[in-house]
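Q: task: produce atomic coordinates for the following.
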Amino acid sequence: MQNKLLIFLITFSFSSLWAQVEEEKVPPFNIKTVAFTQGGNSILPFFRLGESFEIQFDDLFGNEADYYYTITQYNYDWTPTNLAKVEYLNGVDNQRIITYENSYNTLQQYSHYRQVFPNRFNRITKSGNYMIKIYNDSQELLFSRKFIVFEDQLNVRIGTRRARDMEFINEKHNVEMSINYGDRILQDPINNVKVTLFQNGNWKSEIKNIKPQYTIGTELIYRYDKETQFWAGNEYYTIDNSNIRMVNNSVARVTSGDNIYNSFLYVNYPRKKNVYTYFPDFNGNFIVRNINTENPDIEADYSWVYFTLDAPTFFKNESIYITGMFNNYSLTEENKMVFNKQTKMYEKAILIKQGFTNYNYVVTDKNGKIQHRDAIDGNFFQTENSYTAIVYYRGNNDRYDRVIGVSTTSSEVIKN
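A: Residues are numbered from 1 along each chain as shown. Below is the predicted model of the structure:
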């Protein structure tokens, strides 16, 4: 009996040690404009337990294909949870997405899919990290997206300051926060409460596993000098092709060759050495819009958007990508710019649904690591970013990480 128990403990320890961190799967080329929405608007994927939200996407094949979804819970670090699915999901998943429409009066045909949660087949019953996975009718995984379900259990206050490190005082934002749990009983909050910070909803730049620096009564204080700092970046560029046939201050030229629109943007130049200039943006988000229609979900068209960047000094071992929430900040070949030796400029064409789209340029080294310090457009403390704190808690006898608080702030009200 003791030998069996010892074998079980060893097996459990090794399985925990080697638990694989789940990553999002990038969708194939035909799947576009994946978004979590509420009220028809693309939003950050943080939802209160029990409230309604949707996931939407387009299939450019436009053949009304059958797609299925599953919902899986994860620990705070995106390793598999110890709970069985019936413990966090009331009902069954692996359901077919039955709400879809075909595009109307567009050059690019597509089928637009929508799935609302909760629905008559299933309902999430526990807070935590989740991932929705979309499969085709052959049960092949096409893509997946992370989202978080939270409870309002705590008073979470969050704010931003300029970096305390004088070396980066003009280039970084420092996030400070406090958590007041009042008369709520939290077991060993110093070790059992963890915080993850997000900048503009970008999973790739999150800061994880932040523990309280110290406590004052029932308040957990986070006032680190370096551990909670983000590179400030610069304001996003914005594409406005809501009237897809017209030029404006972002679109220099429009054509409609090959049965699809082509939107040629003005050439962008590095802003790193320029004086900071405020440009209103959506902090990386996008809005699908066709100003001539009433239902942009199926009446907004797609166009090839041509990006041009005049930045020859980066032509070494670095790679440059075009990112934003429209492509989930994905560093893939589809979003990677190509250096044109004749024009001495970086160029790329990306198929994007019309509307208002934020984007920026990201530089990576030869190993794929993002070079925040050497950002093409620089880092300015005046930049307005959105910051979100996710508060996790797992009691000594709990089997999963609850999300017991969420708070969002803007660096527009940054303090010195």
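
Q: run through the residues that contact Gln108.
A: For Gln108, the contacting residues are 60, 260, 301-303, 351, by C-beta atoms under 8 Å, 6 or more residues apart in numbering. Yep, even glycine has a C-beta here, placed from its N, CA and C like the rest.

Q: give me the element it is part of.
A: For Gln108, there is no helix or strand it lies in under DSSP states H and E.

Q: beta partners for the residue nearest to it when sequence neighbours are not counted?
A: Spatially, and ignoring its direct neighbours in sequence, Gln108 is nearest to Tyr302 (3.9 Å; C-beta to C-beta, 6 or more residues apart in numbering). Beta-bridge pairing of Tyr302 under DSSP bridges involves Lys353.

Q: re earlier: where is pLDDT lowest across the contacts of Gln108?
A: By pLDDT, Ile260 ranks lowest within these, coming in at 94.

Q: how many other residues sit next to that residue?
A: If you count neighbours by other C-beta atoms under 10 Å, Ile260 ends up with 15.

Q: and it, backbone torsions?
A: With angles defined as degrees, to the nearest 10, Ile260 sits at phi -160, psi 150.

Q: same question for Asn327.
A: Dihedral angles of Asn327 (phi, psi; degrees, to the nearest 10) stand at phi -120, psi 20.

Q: go on, Asp93?
A: Torsion angles at Asp93 (phi, psi; degrees, to the nearest 10) stand at phi -100, psi -150.

Q: quick one: contacts for it?
A: Per C-beta under 8 Å, 6+ apart, neighbours of Asp93: 69-71, 85, 121-122.

Q: buried stuff in stretch 291-308?
A: 296-308 (16 or more other C-beta atoms under 10 Å).

Q: how far does stretch 90-100 stretch from start to finish?
A: Stretch 90-100 has an end-to-end distance of 24 Å (criterion: C-alpha to C-alpha, to the nearest Å).

Q: got the buried residues for it?
A: Neighbour-count burial for stretch 90-100, with 16+ other C-beta under 10 Å as criterion, is recorded at 91, 95, 97, 100.

Q: so which of these is the closest to Ile221?
A: If you rank the buried residues of stretch 90-100 by distance to Ile221 using C-beta to C-beta, Gly91 comes first, at 40.9 Å.

Q: against Ala389, how distant is the closest one?
A: Computed with C-beta to C-beta, to the nearest Å, the distance linking Gly91 and Ala389 is 31 Å.

Q: go on, Ser144?
A: Using C-beta to C-beta, Ser144 is found at 24 Å from Ala389.

Q: quick one, which of those two is more surrounded?
A: In this view Ser144 and Ala389 are compared by other C-beta under 10 Å, and Ala389 has more residues nearby, 23 against 20.

Q: what bridges to that one?
A: Beta bridges link Ala389 to Leu197, Ser407, judged by DSSP bridges.

Q: thinking it is in contact with Val193, fair?
A: No - between Ala389 and Val193 there is no contact under C-beta atoms under 8 Å: 11.5 Å.

Q: element containing Gln187?
A: Going by DSSP H and E, Gln187 is not in any helix or strand.

Q: which ones are touching it?
A: Residues counted as contacts of Gln187 (C-beta under 8 Å, 6+ apart) are 395-396.

Q: what does Tyr329 give?
A: The contact partners of Tyr329, by C-beta under 8 Å, 6+ apart, come to 202-204, 284, 323, 362.

Q: what's around Ile210, how many residues?
A: The number of residues packed near Ile210 is 20, by other C-beta under 10 Å.

Q: state the phi and psi torsions of it.
A: Residue torsions, per degrees, to the nearest 10, at Ile210 are phi -90, psi 120.

Q: buried ones in stretch 213-228?
A: For stretch 213-228, burial by neighbour count (16+ other C-beta under 10 Å) applies to 220, 222-224, 228.

Q: make that stretch 275-291, sorry
A: By neighbour count on 16+ other C-beta under 10 Å, the buried set for stretch 275-291 is 276, 281-290.

Q: can you tell me which of these are in strands?
A: Those of these mapping onto strands are 286-288, per DSSP state E.

Q: and these as JSON lines, adding distance to Glu23 and pLDDT?
A: Supplementary listing: those in JSON lines, determined by distance: C-beta to C-beta, whole Å; pLDDT from 0 to 100:
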{"residue": "Phe286", "distance to Glu23": "23", "pLDDT": "97"}
{"residue": "Ile287", "distance to Glu23": "27", "pLDDT": "97"}
{"residue": "Val288", "distance to Glu23": "26", "pLDDT": "97"}
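
Q: and which of these is nearest to Thr160?
A: Using C-beta to C-beta, Phe286 comes nearest to Thr160 of these, at 23.7 Å.

Q: isn't the closest one up against Met325?
A: Yes - applying C-beta under 8 Å as the test, Phe286 and Met325 come out as touching, 5.8 Å apart.

Q: overlap in contacts, those two.
A: Common contacts of Phe286 and Met325 (C-beta under 8 Å, 6+ apart): 35, 42, 358.

Q: buried ones among those?
A: The neighbour-count test (16+ other C-beta under 10 Å) marks 35, 42, 358 as buried among those.

Q: using JSON lines, lay out the residues you listed together with secondary structure.
A: Output for those, formatted as JSON lines (DSSP: H, G, I helix; E, B strand; the rest coil):
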{"residue": "Ala35", "secondary structure": "strand"}
{"residue": "Ser42", "secondary structure": "strand"}
{"residue": "Asn358", "secondary structure": "strand"}
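
Q: specify which member of the buried residues of stretch 275-291 is nearest to Gln139.
A: Val288 (29.6 Å).

Q: enumerate every residue touching the residue nearest to Gln108.
A: Tyr302 is in contact with 32, 60, 106-108, 110, 260-261, 351-354, counting by C-beta under 8 Å, 6+ apart.

Q: of those, closest to Gly233?
A: When these are ranked by distance to Gly233 (C-beta to C-beta), Ile352 comes first, at 21.0 Å.

Q: domain-wise, how is this structure divided?
A: Annotated domains of the chain cover 21-150, 155-232+383-413, 237-364 [automatic domain parsing].

Q: pull out the buried residues from the contacts of Tyr302.
A: Taking 16+ other C-beta under 10 Å as the criterion, what is buried in the contacts of Tyr302 is 32, 60, 106, 108, 110, 261, 351-354.

Q: Serialize these to a markdown table and add fields for distance to Pro270.
A: Below are these laid out as a markdown table (distance: C-beta to C-beta, whole Å):
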| residue | distance to Pro270 |
| --- | --- |
| Lys32 | 29 |
| Leu60 | 33 |
| Thr106 | 35 |
| Gln108 | 32 |
| Tyr110 | 35 |
| Tyr261 | 28 |
| Leu351 | 26 |
| Ile352 | 23 |
| Lys353 | 28 |
| Gln354 | 27 |
